[in-house]
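**Student:** structural data only, the sequence is not supplied:
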């Protein structure tokens, strides 16, 4: 086996700091002699910890040398495998008969690094929304890492939680730094393991397109792009594709430290070829991943101005409008996308727009159509998993398990389906299976929602040591949020939702108010209402709780929150009605919340 370029790197103990210094030096110099031009996008200008995204050191490397890695999960969108080629020519609107005139509105947003120039549009500039669960799947599931490397990363993350219990006064930023180091150590170890493999990776062509990401595993595609860009550093499409791959890697592995690297790659691409489509599409995806939805909309509109049939931009536009709470505009945008580029990515978004309006029948019909059109394992697992989530929201657990089974048949490691199956098992009373399944999920995918779900499962079981285990999970939520913020992600919604029930209620309210100031949506309305409630401000909470349920979105947690707040404000009949409705819709919507809803109903008889 030929020696690797990194064989003479510093020792493991010295590697993160040395690698970070090398990374900064490379971006400072640049292979075109422009000192410091790209460092602004790759460095810690957003408060990123110095070791949050350390890369393997190599004195002969270029910017492309960053190795893939990190833990699992994120909320950035990327198209399913094979979808961009047009899986089907049948539009959603022809099946659902709900087509409306296309929406021509645009929005303006300011980007701190590279302001876009799209034309602004009037109205709704301040509206906003919380992220939903229907993010698209990876182009192809990342290959499983070796058990040793997973164990190392998981053990490091667990030590963060233990530290959070032992030192209650430890600064949250320090906790985030520990989690960043844990993720970085896993990334470096995985990169070394891949480098030592016998199989080589084919180098991309001189015009690397985003479709490369669909040709194999994500990590292999990143390695191929890195190798290609070392020899062709002026390939702007290659840089844009590498940025998209980093965004997707952050989403699938829960490692926000990849976002500054993605930003650097996109800026490098745009410096070589200003306004190139792939880089602008990538910037839209990155902005959405960081919950900067106004910016995402602006970039998508900028692409569509030049190419009205860009599938990525059409989908990004729908996502941004949904996340900004502009549901009517999102519906028009979905109709327009369906007319221009029907296929799996558009179908799934179209369905979610209808689900938000309470039209579950149309949503399921469209998703079934999307599943029939899906051909790749990535598309099949994603659409089937989304169907499972839709069924679970309605309390149809048998159908949910069947849908999750279809997703796992296509990809046995598809984590959203594993999470959904565990959640459904908990709702059916099989707590042991649910805990085992959720433990597997958080070991690979340490994001706030599954961490909170596992913590609540421990609390509901109530065995010896379960309280401490639950606190471990909640401490990890705090650490992940701090790491996300350090890498430019707006994590106020995650903070509000987790802290309201399992943390500092004052922080929860502060975060919820900040989020509402940016985005008005059913999710942010619910988060603000609940944060106000746990702070004893029920009269102020009531209008927001009612707004959260105003679209008829079928969400039992929203109904539970509304009913609880109504009882607290003296609206006994309405409160009881909404608590009963929540339990009828989805009787196992939360391991702790459902029990509290039943207890409240009993107390008000």
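**Tutor:** The structure has been received and is ready for your questions. Because the structure is predicted, anything quoted here is derived from the model rather than measured. Residues are numbered from 1 along each chain as shown.

**Student:** in stretch 458-476, what's buried?
**Tutor:** 458, 459, 460, 466, 469, 470, 471, 472, 473, 474, 475, 476 (16 or more other Cβ atoms under 10 Å). For the C-beta atoms, the positions are set from N, CA and C on the backbone; glycine is no exception.

**Student:** who are the contact partners of the residue lying closest to the fourth one once chain neighbours are set aside?
**Tutor:** Going back to what we said before, that points to residue 466. Computed as Cβ to Cβ, 6 or more residues apart in numbering, the closest residue to residue 466 that is not its neighbour in sequence is residue 458, at 4.2 Å. Counting by Cβ atoms under 8 Å, 6 or more residues apart in numbering, residue 458 makes contact with 435, 466, 467, 469, 470, 473.

**Student:** returning to what we had before: now render the buried residues of stretch 458-476 as TSV, adding pLDDT, secondary structure and distance to residue 539.
**Tutor:** TSV is the format used below for the buried residues of stretch 458-476 (pLDDT from 0 to 100; DSSP: H, G, I helix; E, B strand; the rest coil; distance: Cβ to Cβ, whole Å):
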residue	pLDDT	secondary structure	distance to residue 539
458	97	helix	34
459	96	helix	30
460	95	helix	31
466	95	helix	36
469	96	helix	37
470	96	helix	32
471	95	helix	32
472	94	helix	36
473	95	helix	33
474	94	helix	29
475	93	helix	33
476	92	helix	34
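
**Student:** contacts only, for residue 579.
**Tutor:** 559, 560, 563, 564, 567, 597, 600, 601.

**Student:** try residue 372
**Tutor:** Applying Cβ under 8 Å, 6+ apart, no residues contact residue 372.

**Student:** which of the buried residues of stretch 458-476 lies closest to residue 378?
**Tutor:** residue 476 (27.7 Å; Cβ to Cβ).

**Student:** look at residue 395 and tell me its secondary structure.
**Tutor:** coil (DSSP: H, G, I helix; E, B strand; the rest coil).

**Student:** show the pLDDT at it.
**Tutor:** pLDDT recorded at residue 395 is 97.

**Student:** how many residues are close by it?
**Tutor:** 19 (other Cβ atoms under 10 Å).

**Student:** ok, now how distant is it from residue 596?
**Tutor:** For residue 395, the distance to residue 596 equals 17 Å [Cβ to Cβ, to the nearest Å].

**Student:** doesn't residue 407 make contact with residue 380?
**Tutor:** Yes - using Cβ atoms under 8 Å, residue 380 is in contact with residue 407, at 7.2 Å.

**Student:** who's more crowded, these two?
**Tutor:** Ranked by neighbour count (other Cβ under 10 Å), residue 380 and residue 407 place residue 407 first, with 27 against 23.

**Student:** backbone phi and psi for that one, please?
**Tutor:** phi -60, psi -40 (degrees, to the nearest 10).

**Student:** got the contact list for it?
**Tutor:** Counting by Cβ under 8 Å, 6+ apart, residue 407 makes contact with 380, 381, 382, 384, 385, 388, 414, 416, 417.

**Student:** check which helix or strand covers the fifth one.
**Tutor:** For residue 385, the enclosing helix or strand under DSSP states H and E is helix 377-393.
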